[in-house]
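Asks: Could you work out the structure for the sequence below:
(one chain, ligands or ions: 1)
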Amino acid sequence: MKQKILIISILVVLLGVLYAFTSGAFHVSKDDYSSLKLPEVVDYNFHIKPILSDNCYTCHGPDANKRQGFRLDLEETAFSELSESPGEFPIVSKDPKRSKVYQAIVSDDPDMQMPPPNSNL
Ligand code: HEC
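Replies: So this is what the prediction gives:
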């Protein structure tokens with residue numbers, strides 16, 4: 001009798017986990033950052049850098065062997081004119097419209113979008 005109750009309990013728990021799984025409770029979406037609550041004070045090292053590090057540094061970071069294009073991990077190059085696109089800058093202070101980094105992140109155009117769609121980042 002006790003064994004039956006145990007088996008039924010385990011089945012119920014497994015069904016619960018299965019239901020949670022299929023309903024997306026364990027699904028980590030790319031849009032998770034956008035649903036995070038904004039902190040009162042945004043700190044570059046604590047809030048921004050981890051996002052860039054996870055999504056951009058593979059190709060725009062410190063590893064010269066993997067880098068493709070400009071460095072986003074250094075303040076100097078993040079604010080300097082892009083060699084591939086003269087007259088354009090990765091980040092222009094207080095001007096998201098002129099900041100290629102922002103434009104690339106929010107773009108729907110797969111040719112402009114960063115990280116590149118095929119990177120699965
Ligand atoms: C898988 C590699 C890869 C990742 C990851 C990646 N990029 Fe790029 N990025 C590239 C390559 C390659 C280029 C240069 C060629 C091009 O313009 O498409 C580039 C160019 C750029 C440019 C310059 C575009 C121009 O017009 O000169 C910006 C801005 C940029 N990336 C921002 C980002 C940001 C921000 C992230 C993270 C959110 C990111 N990239 C992640 C590969 C990557």
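
Asks: Kindly list the main-chain dihedrals of the spatially closest residue to S83 that is not a sequence neighbour?
Replies: Distances taken as C-beta to C-beta, 6 or more residues apart in numbering place F70 nearest to S83, at 7.2 Å, with adjacent residues excluded. All C-beta spots, glycine's among them, are computed from the backbone N, C-alpha and C. Dihedral pair for F70: phi -70, psi 160, per degrees, to the nearest 10.

Asks: V92 and L72: what is the separation?
Replies: 14 Å (C-beta to C-beta, to the nearest Å).

Asks: out of the two, which sits in the more crowded spot?
Replies: L72 (22 against 15; other C-beta atoms under 10 Å).

Asks: Let me know the pLDDT of the more buried one.
Replies: In this model, L72 is scored at 97, pLDDT.

Asks: what do you get for the one 5 residues further on?
Replies: Turning to T77, the model gives it a pLDDT of 96.

Asks: go on, I10?
Replies: pLDDT, I10: 85.

Asks: Tell me if I am right that it is in a helix.
Replies: Yes: per DSSP: H, G, I helix; E, B strand; the rest coil, I10 lies within a helix segment.
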